[in-house]
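**Q** Predicted model follows, preceded by the sequence.
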Amino acid sequence: MMDFLTTLADMLASVPFWIATLRIATPLIFGTLGVLVCERSGVLNLGIEGIMVAGAFTGWLAVFHGADLWTGVLVAALTGALCGLLHAMLTVWLGVSQHVAGLGITLLASSLASFAYRVSFPKVSTPPTIEPFAPLTALQGIPLIGPVLAAQTALSMLALLLVPLLAWIIYRTPAGLALRMVGESPAAAEGQGLDVVRVRTLAIILGSMLMGVAGAFLTLSAFNAFFFNMVNGRGWICVALVVFASWRPGKALLGALLFAAFDAAQLRLQQAGGILPYQVYLMLPYLLSIAALVFMARRAAYPQALMKPYRKGER
Amino acid sequence: MRLEARSEVSRGALLLAPLAAILFTFLICALLVAWAGAPVGRTYALLLDGAFGSRFAIAETLTRATPLILTGLAAAVAFRARLYNIGAEGQLYVGALAAVAVGGLHGGTGFDLAPQLLFPLMLLAGALAGALLLLGPAWLKLKLGVDEVVTSLLLNFVALLAVSMMLDGPMKDPLAMGWPQSVAIMPELEFAKLLERTRVHSGLLLALGLSVLMWLVERFTTFGFALRAVGANARGAAFAGLPVQRTVLCCALISGALAGLAGVGEVAGRAGYVTLDMSPGYGYAGIVIAMLAGLHPLGVVLAACFVAAVLVGADSMSRVVGVPNYIADVIVATALLAMLVAALLTRYRLRWGRA
C-alpha cells in the first residue's frame, strides 16, 4: 500500500506526467467546449466524432500542401462550420431526430475523410508527414508551471484561453443570454423577439468549428500525420464530459484535465508493466466516461429544451 | 421557409421515400466519383455488376446481408421504442465471443457436451451476451436518465478491447502464428452452406426467419402494441397503464440479442473464429438500414440487401477503376441523411415565405 502511495506521489510530482496530461486534455477541451455551445442552444451534436476526423484531415491536408499551420487550423474550423451548417439544416430548420442526424454526420464526415485521403494519396503505405506546431519554449521562465507549459504548443494555450472567454460570452454578454434562452425556453426567447432558428444555427456552427479545431490539434500538434482511427472515440468522450461539467465552461476544463490525468496515469501504469492485460488500461477512459455520466445523472442540469426541436406555433 | 404538417401520410409517399433518398444519394456521390477521376456511368455499372452480376456476386451480397439484416432489426426494434441503441457493433462482438466460448473452447477448458446440445447453447449464449451488453445502458436510461446513445457507443470501444484481450489471452489460437485470431468453433457447430461453392450460409435463413418473427410480434402481440405505444408517446403509454419500463427493458434484451446473433452468425457461418476486423461497421450500418426501412422488420431485409450490395459492389468496382472503396461508406452515410429528410417530407410539407 505504501509502495503504491509513493509511486502515486512520485507521478503527481513529475513534470512529464503533467505535460502528458495537458497534451491529452487539449483536444478534449476544444471538443467539450464545442459540444457545450451546441447543447446550450438546445441541440445535441453527435457529429463531433466525425467532425474531429474531418477537421484533423483537412487541417493537415492544407498544411501538407504548403499552407502555414494557423491556416491549417482555420481550414479545420471551416470544415467544422460546414458540417455544423449541415447539422443545423437537418436538426433546426427541419427538426429531424438529433441523435440520428448527428450519427449520420459522424458517418458521413469520417467516411468522406477516408475517401478523400485515399483519392489524394492512392499509393502511399506510410502516412506523409508535416512539420507540426513547435513547443513554446519561451514559457520556461514562468514559476512552478513553466516547465509544463513550455512543452505545449500554441494550440494548447488557445484552448486554455478559450475557457474564460467562452464563460464570459455565455454569462456576461447578450449573445450568451440569447444562447442560454433558446436552449432553456425557445418559446419565451421567441417572445422576447429572438430568432430561435438563427441563434441555434449560429451556435451549432460555432460549436462545430471548435470540434474541427479539436481534430486539427491531433494532426498539427500531437502528431504530424493523419491516421484513419486517430480520433478513436474522443468525440464521444467529450459528449460525456459536457454532462459531467453541467454545461459550464470552467467545469468542462476541470473535467477534461481530470480525465486526461487519469488517461496519463493509465498510460504510465501500462508502461510500467502492470499485472493486468494492457487492454484493461485502455478500457478505463471509456468506463470512466460512463461512470462520470452515472455519477452526475441525478444532478445534471440539462438545458431544458435539449433535443426538443422547435417549430413555430407547434407544441 | 417553414414546415406545414400534412393532414394524412400517404402510403405511396412512405414507399417512395427510401427510393427517392437512394436516388438522391447516387446523384450526390456521382460528384465524388467524378472527383476521383473515374467515369461515373461505368463506375456505377461496375458497382451494380459487382453486387448482382453473377451467381458468385449475388452469393457474396447475400452473405454480407446476413449480419446486416440482424443488426438492422436490432436497431429497428430499439428505435421503435425510442431506445437509441448505437451499440450493435459491440453487441455483435460480444455475441461472437460468446459463440466461441461455448463452441470453441472444447477439450481442456470447454464444455464436454454433444454438438446437438452445444449448437442451441451457442446461439443462446451469443444472444444473451448481446442482450446483457445493452441491458446496462437501457437500465441507466430508465432509472437515472443517462443518455443511452453515449453509453452504448462507449461500450462499443470497451467490447472491442475485451475481444482484443480474449484474443491475446484465453481464446488465443496457438496455431495462428501470432495473428490475433481466436480458436475455431467445432466444425460440427458451423452453419450449413446454402449454395455450393459460395459462402452463403444458413444464418441467412435465421435472419429472414427472425425478421418475419419480429414483424409478427410488432404487428399482432400486446408486447408489439406496447412497444409502438411507448415509442409514440411514453407518457401517454404510462398514463394508459402500459408497463413502460418493462417494455423498454424487454425491447433492449431483444435488440441486443439480435445484434449478438449477428456475431454468432459471422463466427459459425463464415470464418469459424473471431478476429478484430470481423465487422467492418455492421453495427453502425444497422442504424442506416433501420432508418431506410422506416423501422419495418420486413423492410429491413430489403434495406440490408441494398447496403450489402453497395459494400460488395464497391469492393469489386474499386479493383477495376481507381475509386477507393470508402465510397461505399460515403454512400451509406449519405443515404441515412437523405432518408431522414425524405421521411420528414412524408409528414410535413415545405412552404416558402412566412405564415
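**A** Nice, I can see it.
**Q** center of the chain, which residue is that?
**A** Using chain A. Among the residues of chain A, the one closest to the centroid is A:Gly31, at 1.1 Å (Cα atoms, centre = their mean).
**Q** Please refer instead to chain B.
**A** Taking Cα atoms, centre = their mean, the centroid of chain B lies closest to B:Thr71, which sits 2.1 Å from it.
**Q** gap between that one and A:Val15?
**A** Distance, B:Thr71 to A:Val15, using Cβ to Cβ, to the nearest Å: 47 Å. Every C-beta, even on glycine, is put in place using the N, C-alpha and C of the backbone.
**Q** B:Leu23 too?
**A** The span separating B:Leu23 from A:Val15 equals 59 Å under the rule Cβ to Cβ.
**Q** cool, B:Trp179 as well?
**A** Per Cβ to Cβ, B:Trp179 is found 40 Å from A:Val15.
**Q** what does B:Phe225 give?
**A** According to Cβ to Cβ, B:Phe225 and A:Val15 sit 63 Å apart.
**Q** OK, contacts around the residue nearest to the centre of chain B?
**A** By Cβ atoms under 8 Å, 6 or more residues apart in numbering or on different chains, the residues touching B:Thr71 are B:88-89, B:92, B:258-259, B:262, B:282-283, B:285-286, B:289.
**Q** try it again with 7 Å
**A** Counting by Cβ atoms under 7 Å, 6 or more residues apart in numbering or on different chains, B:Thr71 touches B:88, B:92, B:259, B:262, B:282-283, B:285-286.
**Q** between those residues, which is nearest chain A?
**A** Distance ranking of these against chain A, using Cβ to the nearest Cβ, places B:Ala285 first at 8.8 Å.
**Q** Which helix or strand contains that closest one?
**A** Following DSSP states H and E, one finds B:Ala285 within helix B:282-292.
**Q** Report the distance from the helix or strand just after that helix to the chain centre.
**A** Toward the C-terminus, helix B:282-292 is succeeded by helix B:297-320 as the next helix or strand (DSSP H and E). Here helix B:297-320 is found 13 Å from its chain centre; the criterion is Cα atoms, centre = their mean, to the nearest Å.
**Q** in the helix or strand following helix B:297-320, what's buried?
**A** Along the chain past helix B:297-320, the next helix or strand (assigned with DSSP H and E) turns out to be helix B:327-347. Neighbour counts over helix B:327-347 (16 or more other Cβ atoms under 10 Å in any protein chain shown) mark B:327-346 as buried.
**Q** The closest residue to the residue nearest to the centre of chain B other than its chain neighbours: what's it in contact with?
**A** Distances taken as Cβ to Cβ, 6 or more residues apart in numbering or on different chains put B:Gly286 closest to B:Thr71, at 2.9 Å, once the chain neighbours are dropped. With contacts defined as Cβ under 7 Å, 6+ apart, the neighbours of B:Gly286 are B:68, B:71-72, B:74-75, B:88.
**Q** separation between the nearest residue to A:Gln140 once chain neighbours are set aside and chain B?
**A** In space, and not counting its chain neighbours, A:Gln140 is closest to A:Ala150: 4.2 Å by Cβ to Cβ, 6+ apart. The gap separating A:Ala150 from chain B is 33 Å, by Cβ to the nearest Cβ, to the nearest Å.
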